[in-house]
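> Got a sequence here, can you model it:
(2 chains)
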Amino acid sequence: MTDVHTNSHTNSAGIAIEVKGLSKSFSGRPVVRDLSMQVRRGSIYGFLGPNGSGKTTTIRMLCGLLTPDSGEGTCLGYDIRRDADKIKRKVGYMTQRFSLYQDLSVRENLEFVARLYGLPNAVAAAREMIARIGLKGREEQLAGNLSGGWKQRLALGACTLPNPQLLLLDEPTAGVDPKARRDFWNEIHALAADGLTVLVSTHYMDEAERCHEIAYIAYGNLLAHGTVDEVIAHSALSTYTVTGDLNGLSNELTSKPGIDMVAPFGTSLHVSGRDKAALEATIAPYRSNPRWHFEESEPSLEDVFIDLMNRSKDNFQ
Amino acid sequence: MSATDTIPNSEAREPRFGFWRRSYAMLVKEFIQLRRDRVSFAMIIMLPVMQLTLFGYAINTTPRNLPTAVLMQEDSDLGRSILKAMENTAYFRFTREVHTVEEFDNLLQSGKVLFGVEIPRGFERAVRRGDKPALLVAADATDPVAAGSALSALGPLVQTALDHDLHTGDPPSMPFEIRTHARYNPAAESRLNIVPGLVGTILTMTMLIFTALSVTREIERGTMESLLSMPIKPVEVMFGKIIPYVLVGFIQATLIIGIGVLLFGVPILGSLTLLALLTTLFITTNLSIGYTFSTIVQNQLQAMQLSMMFFLPSILLSGFMFPFMGMPVWAQYIGEGLPLTHYVRIVRAIMLKGAVVQNLQYDTLALIALMLFAMTIAVTRFRRTLD
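Numbering: from 1, shown residues only, chains lettered A, B, ... in the order given. From the prediction side, this is the model:
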């Protein structure tokens, strides 16, 4: 397991989430294994990993929707096992699947949430949120009739409405167009600047790079965490970018010793290996061939993650 | 590959037996889904078997051993012979002996007995003198079926009693008469009995369905995940889901009772306020039970099936359709566990007998108990997590 430690951990007052040894199985099948993590207050923490890696389960354990089989921890200083009710008051959870009422209008959904949290003036709070998320003019539209991007804005609006201290966003941008995604991330950064802590799960590498810190989870195990640079630096992956006549080269290199991963990126090819010497020995004959141009480069975050995933597959499956 | 040969002619043509193939595909899929839903599958078997055996044994349209009160104004051999003869018909079972007319009336009004026999003071002497005195048999005729066959058995009874005690040798002249008094529904009109009962039956059906789907709908639509992540407690969810339908049920009840009064001429002899209050209690009890169902089942189909399973005994074992007193004791116990049983008694008593709250204490308390029982189960069954 690659363990990248962030250099400065302030006192516990600056910690939004701290969990140790969280595990959860469903009917005997482990989904999260011995997961420990720490999220600083006011940070945007990216939660990455392949489908079925336990991201949603972890998020649900953090907000009291699932009880961990073992492990312990705190969320905003409250015990995740005992104080679920207190956590719920201060956490906004945006589910992966749209889970507001499809047969209620935008305004009615927001007023429902505002009333449920006991906001002093639910109608005014909903009206302000409609303006903030740019849904003015669509207040009376049924939530079920909104497009994907608008649904996502509404869902974010609903979970930020009660002024939470922590947002848990489960793949909030899945199936949303690039413009809406960018707007969404600008909003997330604005919220974090106001002191909100955000834990967001995603599959998108560009989104991971927008996070202050990231964690990579696969098959229920936390494989790496830290800033993007730290995770890349710690991967110990050597990468060469190849340009030139790439026809057939990918297949030729894939099974060679020292090469752990070959991935096409547009007109170039990323060739990576954990053992730099073995990698260089293998590519040496190709490097001297003028058909190709090899250049040592930094692995992309995607390279690192796919490598982590391949390695964890060897370990756990 | 060129664009022209990507779609060969044979592929564009309709496959052979296309209709049957596609229907078959659908059929296979439905069977798989049906098999996955174990609970529904079990209910498909259990529902008919249970209901058939239950009702086959429980229902009896010529009820016997009906509870009867006796008011003995004199203790005489003749009186005892008459009572014995009545008991021998197997229709009457003497459960209470009272000493005042007031007690006698009360028992009938509260539905604790279906009949009352009064042997007047000086009865035997009057018979011997040839005064042809009258012996009173009062019947609660709100349910004409229950009372009818028992009353018709009284005719030959005089003769039987006489054979025992009076050897007059002059049978055709009756030395006394049995005066039957069909109370509350003297004309034995079944609509007077059916319409109040229907109020309860219709309310049971509609109220149960309203809430039986409420929690499963949240789960099936995915809104439960969001709801559970917010600071709301199970009791709060329950009240929020039940209270709107109390109002709906109240409007419905007003409508049914209104039609009953206006169209069918059913009287409301008792207090309208009391009727409204106890109807609201009954509505709430049914909503609570429906809500409890929705916390137990996994999908909407199961919710419907469970409601059906509850609704059928409610109709058949509550005394709405068949005389309650005519059922075997075990079936009566089941009946006591159904809110409709208590409400049918309440609504008939208030509308037809002019009953007051003192007559209805037991049934009111039973409804409250059933409501609290259902609510307790619902709140404890409500899963606060997605585990």
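
> And the helix or strand bottoming out on mean pLDDT in chain A, what's buried?
Ranked by mean pLDDT, DSSP states H and E, the weakest helix or strand in chain A is helix A:301-316, scoring a mean of 77. Residues of helix A:301-316 classed as buried by neighbour count (16 or more other C-beta atoms under 10 Å in any protein chain shown): A:301, A:303, A:304, A:305, A:306, A:307, A:308, A:309, A:311, A:312. In this view, the C-beta of every residue, glycine as well, is placed from N, C-alpha and C.

> Which elements pack onto that helix?
Counting by 3 or more C-beta pairs under 8 Å, 6 or more residues apart in numbering or on different chains; DSSP states H and E, the packing neighbours recorded for helix A:301-316 are helix A:205-208, strand A:213-218, strand A:221-226, helix A:228-234, strand A:261-265, strand A:268-273.

> Looking at those, which is nearest to chain B?
Closest of the helices and strands packed on helix A:301-316 to chain B is strand A:213-218, at 19.0 Å (criterion: C-beta to the nearest C-beta).

> got a list of contacts for that closest one?
The contact list for strand A:213-218 (C-beta atoms under 8 Å, 6 or more residues apart in numbering or on different chains) reads A:6, A:35, A:37, A:39-40, A:43-50, A:53-55, A:58, A:208, A:222-228, A:231, A:305, A:308-309, A:312-313.

> mind checking how far stretch A:214-225 is from the chain centre?
Counting by C-alpha atoms, centre = their mean, to the nearest Å, stretch A:214-225 is centred 10 Å from the centre of its parent chain.

> oh, I was asking about stretch B:234-254
That offset, for stretch B:234-254, works out to 22 Å (C-alpha atoms, centre = their mean).

> which residues touch the residue nearest the centre of chain B?
Against the mean C-alpha coordinate of chain B, by C-alpha atoms, centre = their mean, the closest residue is residue B:318 at 2.3 Å. The contact partners of residue B:318, by C-beta under 8 Å, 6+ apart, come to B:197, B:200, B:324, B:335, B:338, B:340, B:341, B:344.

> Check which residues of stretch A:48-67 are buried.
In terms of neighbour count (16+ other C-beta under 10 Å), stretch A:48-67 has its buried residues at A:48-50, A:53-66.

> Stretch A:131-138 too?
Buried residues in stretch A:131-138 (16+ other C-beta under 10 Å): A:133, A:135, A:138.

> Give me the mean pLDDT for that stretch.
For stretch A:131-138, mean pLDDT is 92.

> returning to that earlier point: what angle separates the least confident helix or strand of chain A from strand A:268-273?
Here the directions of helix A:301-316 and strand A:268-273 differ by 40 degrees (axes from the mean of the first three to the mean of the last three C-alpha atoms, to 10 degrees).

> follow-up on the earlier one: pick the most deeply packed of the helices and strands packed on helix A:301-316.
Most buried of the helices and strands packed on helix A:301-316, by mean neighbour count (mean count of other C-beta atoms under 10 Å in any protein chain shown): strand A:213-218, with a mean of 25.

> need the residues of chain A near chain B, please.
Counting by C-beta under 8 Å from any C-beta of the partner chain, the residues of chain A close to chain B are A:60, A:63-67, A:84-85, A:88-89, A:91, A:93, A:95, A:97-102, A:113, A:116-117, A:158.

> Where strands are concerned, which of these count?
A:91, A:93 (DSSP state E).

> for the helix ranked longest in chain B, packing partners?
The helix that spans the most residues within chain B, counting by DSSP state H, is helix B:234-264. Judged by 3+ C-beta pairs under 8 Å, 6+ apart, the packing partners of helix B:234-264 are helix B:190-212, helix B:214-221, helix B:272-296, helix B:361-381.

> between those helices, which one is nearest to chain A?
For the helices and strands packed on helix B:234-264, the distance to chain A is smallest for helix B:214-221, at 6.9 Å, taking C-beta to the nearest C-beta.

> what's the spacing between the helix or strand just after that closest one and its chain's center?
Using DSSP states H and E, the next helix or strand after helix B:214-221 towards the C-terminus is helix B:223-228. Here the centre of helix B:223-228 is set off from its chain's centre by 37 Å, with C-alpha atoms, centre = their mean.

> With chain A in mind, check whether helix B:223-228 reaches it.
Yes. Contact between helix B:223-228 and chain A, assessed by C-beta under 8 Å from any C-beta, occurs at B:223, B:224, B:225, B:226, B:227, B:228.

> any idea how chain B splits into domains?
Chain B breaks down into these domains under automatic domain parsing: B:66-183, B:190-381.

> For the longest one, measure first residue to last.
Start to finish, the residues bounding domain B:190-381 are 42 Å apart (C-alpha to C-alpha, to the nearest Å).

> Quick check: mean pLDDT of that domain?
Regarding domain B:190-381, the rounded mean pLDDT is 92.

> now swap in stretch A:214-224 and tell me
Averaged over stretch A:214-224, pLDDT sits at 87.

> Quick one: the strands in the stretch 1-150 of chain A, in order.
For the stretch 1-150 of chain A, the strands defined by DSSP state E, counting those that start in this stretch cover A:15-26, A:29-40, A:44-48, A:70-75, A:78-79, A:91-94.

> Make CSV out of those and add mean pLDDT and distance to residue A:183.
Shown next, in CSV, are those (pLDDT from 0 to 100; distance: least, C-beta to C-beta, whole Å):
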stretch, mean pLDDT, distance to residue A:183
strand A:15-26, 93, 24
strand A:29-40, 92, 24
strand A:44-48, 93, 16
strand A:70-75, 93, 28
strand A:78-79, 93, 32
strand A:91-94, 95, 15
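
> Tell me which of those lies nearest to residue B:180.
strand A:15-26 (69.8 Å; C-beta to C-beta).

> Distance check, the nearest residue to residue B:137 once chain neighbours are set aside against residue B:186.
Using C-beta to C-beta, 6 or more residues apart in numbering or on different chains and skipping residues adjacent in sequence, the residue nearest residue B:137 is residue B:180, 4.9 Å away. With distances taken as C-beta to C-beta, to the nearest Å, residue B:180 is found 10 Å from residue B:186.
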